[in-house]
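1. below is the structure, and that's it, no one-letter string:
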């Protein structure tokens with residue numbers, strides 16, 4: 001696979017050979033509801049632009065994102081992100097406000113020049129292909145990989161704020177954990193680092209944790225185990241029962257939630273399977289799960 005610079009030149013040349021037509025830079029903009037309330041603005045690239053962005057994303061990924069990025073990269077998962085913090089008794093959660101749109105031109109230009117060796121012409125083409133309204137669009141295949149690499153040096157600065165702290169960043173969700181408490185002064189240091197790089201903290205999603213430790217939606221128990229939480233399991237059991245006995249609910253979504261439970265708490269997933277498989281007349285669990293749980297009808 002060619003380098004990012006070679007790929008940009010190739011894309012630019014293809015555009016020139018196509019009867020002088022400009023590169024496709026159109027987006028379909030719409031909003032979706034956030035799980036916790038409010039809306040999120042999505043800028044979905046046109047099929048032609050998305051195809052180009054997928055090529056660029058593959059080239060971008062050749063440069064590692066650093067040890068603190070816990071989302072989007074190979075071998076990343078919410079489970080592994082949570083496991084990093086299992087020994088920390090105290091936590092600080094910090095959330096970057098409007099993460100992708102806040103990654104501006106100056107940061108992307110610096111990344112492209114210093115890390116990928118692009119010249120001024122290549123940088124201009126690259127920025128036009130990956131940006132929307134002055135930032136990275138939520139919905140473009142390139143945005144997560146650019147953002148992670150822009151954040152790589154910032155992640156190092158955040159980690160160095162307190163050497164005995166465990167730190168990770170799952171997209172815009174920053175987690176610090178340690179055996180000693182954090183204070184407001186530390187949170188202010190985090191805010192200053194981010195502000196110096198053009199980012200803002202979301203005050204509503206920045207908080208301390210101690211008695212109840214949670215990372216990327218997973219509960220860390222006192223014994224160092226992980227759990228999806230009691231509420232998650234209760235809702236899932238009800239939804240599985242309703243689906244099997246009343247044919248009520250979204251089968252695909254329920255199966256996705258069960259798969260998530262099986263990844264995090266396989267023993268409890270087996271308990272649910274054993275309890276509800278006798279009601280399964282619609283083959284919800286399927287043969288693969290039956291074999292995995294060593295079940296014979």
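-> Noted; the coordinates are in hand. It should be emphasised that the depicted structure is a prediction, and the values quoted were computed from it without experimental measurement. Numbers count the residues shown, from 1 in each chain.

2. pick out the least confidently modelled helix or strand of the protein, by mean pLDDT.
-> helix 286-292 (a mean of 79; mean pLDDT, DSSP states H and E).

3. what residues of it count as buried?
-> Of the residues in helix 286-292, those with enough neighbours to count as buried (16 or more other C-beta atoms under 10 Å) are 289, 290. Backbone N, C-alpha and C define where each C-beta goes, glycine included.

4. so what does it touch, helix or strand wise?
-> Applying 3 or more C-beta pairs under 8 Å, 6 or more residues apart in numbering; DSSP states H and E, we find helix 286-292 packed against no helix or strand.

5. what distance do you get for residue 38 to residue 51?
-> In this view, residue 38 and residue 51 are 31 Å apart by C-beta to C-beta, to the nearest Å.

6. ugh, typo on my part, it should be residue 128
-> Residue 128 is 16 Å from residue 51, by C-beta to C-beta.

7. what's the answer for residue 28, then?
-> 15 Å.

8. ditto for residue 272
-> Shown here: residue 272 relative to residue 51, a distance of 41 Å by C-beta to C-beta.

9. same drill for the two, tell me which one is more crowded.
-> When residue 272 and residue 51 are compared for neighbours, residue 272 comes out ahead with 19 against 12, by other C-beta atoms under 10 Å.

10. mind pulling up the pLDDT for that one?
-> We have a pLDDT of 93 for residue 272.

11. and the nearest residue to it once chain neighbours are set aside, what element?
-> Setting aside the residues directly before and after it, residue 272 is nearest to residue 237 in space (C-beta to C-beta, 6 or more residues apart in numbering), at 6.2 Å. Taking DSSP states H and E as the criterion, residue 237 maps to helix 230-246.

12. buried residues of the helix or strand just after that helix, list them for me.
-> For helix 230-246, the succeeding helix or strand toward the C-terminus, using DSSP H and E, is helix 251-264. Going by neighbour count (16+ other C-beta under 10 Å), the buried part of helix 251-264 is 254, 255, 257, 258, 260, 261, 262, 264.

13. from these, pick the one nearest residue 230.
-> Minimum distance to residue 230 across those is 12.2 Å, recorded for residue 261 (C-beta to C-beta).

14. so what's the closest one up against?
-> Neighbour list for residue 261: 228, 232, 233, 236, 268, 269, 272 [criterion: C-beta atoms under 8 Å, 6 or more residues apart in numbering].

15. equivalent analysis for residue 276, please.
-> 237, 240, 241, 244, 285.

16. sec struct for residue 140, please.
-> Under DSSP: H, G, I helix; E, B strand; the rest coil, residue 140 falls in the coil class.

17. enumerate every residue touching it.
-> The contact partners of residue 140, by C-beta under 8 Å, 6+ apart, come to 43, 45, 50, 53, 130, 132.

18. rerun at 6 Å
-> 45, 53 (C-beta atoms under 6 Å, 6 or more residues apart in numbering).

19. state the distance from it to residue 95.
-> 21 Å.

20. now residue 283
-> Applying C-beta to C-beta to residue 283 and residue 95 gives a distance of 41 Å.

21. look at the two and report which has more neighbours.
-> Using other C-beta under 10 Å, the more surrounded residue of residue 283 and residue 95 is residue 95, with 17 against 8.

22. am I right that that one falls within a strand?
-> Yes. Judged by three-state DSSP, residue 95 forms part of a strand.

23. residue 202 is in contact with that one, correct?
-> Yes. Counting by C-beta atoms under 6 Å, residue 95 touches residue 202, with 4.2 Å between them.

24. and residue 270, how many neighbours?
-> Counted with other C-beta under 10 Å, residue 270 comes out at 16.

25. now it: closest residue in space, sequence neighbours ignored.
-> Going by C-beta to C-beta, 6+ apart, residue 270 has residue 293 as its nearest residue, at 5.6 Å.
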